[in-house]
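Trainee: Got a sequence here, can you model it:
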Amino acid sequence: MPLGSSSTCPGESCKVILDDGSSTGDGIYWIDPDADGVTSDAIQVHCNMDENGGGWTLAASISASNDNHLLSSAVDSDGNGLVSDDGVGEKLDDTVIDALWSDRIWIRIDGGSGDIHCELANQPTGFDTWSATGNYTCGYTFAGTSDQLYTQNENGPAVWRNYDYRAYNNPYSGCFGAAATYVPSGNGGCGYHPSRAGALWIR
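Mentor: Below is the predicted model:
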């Protein structure tokens with residue numbers, strides 16, 4: 001039975017499924033991120049097996065109208081048990097995202113200035129999990145993942161508060177989404193930085 005094809009034969013991640021040769025292309029697969037051999041806690045996820053080398057697990061869909069992606073717990077907005085890339089604002093639990101991050105983070109910002117890429121190998125000791133709070137090194141292209149050092153004070157690499165690339169959680173009332181940036185008073189607020197949806201892919 002191909003890895004990831006059922007709840008009784010899950011892969012550890014989309015990347016493990018791809019590396020195993022069990023990928024059938026983009027789609028929904030079964031994974032068991034804690035890799036404890038107990039498959040009763042396996043989950044279904046969307047896997048991107050083609051872009052940027054493939055092996056990406058969809059860890060969050062980012063809405064332009066809420067900030068669910070900032071929560072540390074899992075969010076299933078439509079109740080279907082699956083994080084979907086539909087901009088409604090859903091995510092996996094941070095502990096699952098931690099387990100899945102073995103290589104890279106890729107945040108896609110729809111209609112924004114560009115995506116954000118964080119390579120695990122570039123992160124300082126102690127700040128190499130999604131749930132840590134500290135400094136992260138990320139970049140703006142898949143090939144350039146060490147262009148910028150971010151400092152942040154909440155879960156997830158500081159791309160959650162990236163000004164130039166319009167990522168998430170403007171403090172002004174009603175400002176949410178991937179392009180609702182963290183901007184100080186007087187710099188335009190929501191009108192200057194409109195909300196955009198996006199997705200967090202991880203491998």
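
Trainee: contacting residues around the closest residue to residue 29 other than its chain neighbours?
Mentor: Taking CB to CB, 6 or more residues apart in numbering as the measure, residue 29 lies nearest to residue 4, with 3.7 Å between them; neighbours along the chain are not counted. Quick note: C-beta positions are derived from backbone N, CA and C, even for glycine. When contacts are counted by CB atoms under 8 Å, 6 or more residues apart in numbering, residue 4 touches 10-11, 14, 17, 22-23, 29-31, 47.

Trainee: For residue 34, list the residues it contacts.
Mentor: Residues counted as contacts of residue 34 (CB under 8 Å, 6+ apart) are 41, 99.

Trainee: That one belongs to a helix?
Mentor: No: under the criterion used here (DSSP: H, G, I helix; E, B strand; the rest coil), residue 34 is coil, not part of a helix.

Trainee: any idea how far it lies from residue 41?
Mentor: Summarising the geometry, the distance separating residue 34 from residue 41, computed by CB to CB, to the nearest Å, is 7 Å.

Trainee: In which helix or strand does residue 29 reside?
Mentor: Taking DSSP states H and E as the definition, residue 29 sits inside strand 27-31.

Trainee: After that strand, which helix or strand is next?
Mentor: Defined by DSSP H and E, the subsequent element after strand 27-31 is strand 43-48.

Trainee: ranges for the helices of this protein?
Mentor: 14-20, 94-100, 189-192 (DSSP state H).

Trainee: out of those helices, nearest to residue 201?
Mentor: Closest to residue 201 of those is helix 14-20 (CB to CB; 9.0 Å).

Trainee: next one: that closest one to chain centre, how far?
Mentor: Centre-to-centre, helix 14-20 and its host chain are 18 Å apart (CA atoms, centre = their mean, to the nearest Å).

Trainee: Show the contacting residues for residue 97.
Mentor: So, once contact is read as CB under 8 Å, 6+ apart, residue 97 ends up touching 59-60, 91, 130-131, 200, 202.

Trainee: Sort out which of those are buried, if you could.
Mentor: Of the members of the contacts of residue 97, the ones counted as buried by neighbours, 16 or more other CB atoms under 10 Å, are 59-60, 91, 130, 200, 202.

Trainee: ok, of the contacts of residue 97, which one's closest to residue 119?
Mentor: Within those, the smallest distance to residue 119 is 11.7 Å, found for residue 202 (CB to CB).

Trainee: Show me what the closest one is bridged to.
Mentor: In this structure, residue 202 has beta-bridge partners residue 57, residue 105, where bridges are defined by DSSP bridges.

Trainee: could you list every residue that touches residue 3?
Mentor: With contacts defined as CB under 8 Å, 6+ apart, residue 3 is in contact with 9-11, 16-17, 20, 22.

Trainee: would you list those in JSON lines and tack on pLDDT, neighbour count and distance to residue 97?
Mentor: Putting those into JSON lines (pLDDT from 0 to 100; neighbours: other CB atoms under 10 Å; distance: CB to CB, whole Å) gives the following:
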{"residue": "9", "pLDDT": "95", "neighbour count": "15", "distance to residue 97": "23"}
{"residue": "10", "pLDDT": "96", "neighbour count": "24", "distance to residue 97": "17"}
{"residue": "11", "pLDDT": "96", "neighbour count": "28", "distance to residue 97": "16"}
{"residue": "16", "pLDDT": "97", "neighbour count": "22", "distance to residue 97": "16"}
{"residue": "17", "pLDDT": "97", "neighbour count": "26", "distance to residue 97": "17"}
{"residue": "20", "pLDDT": "96", "neighbour count": "13", "distance to residue 97": "21"}
{"residue": "22", "pLDDT": "96", "neighbour count": "16", "distance to residue 97": "22"}
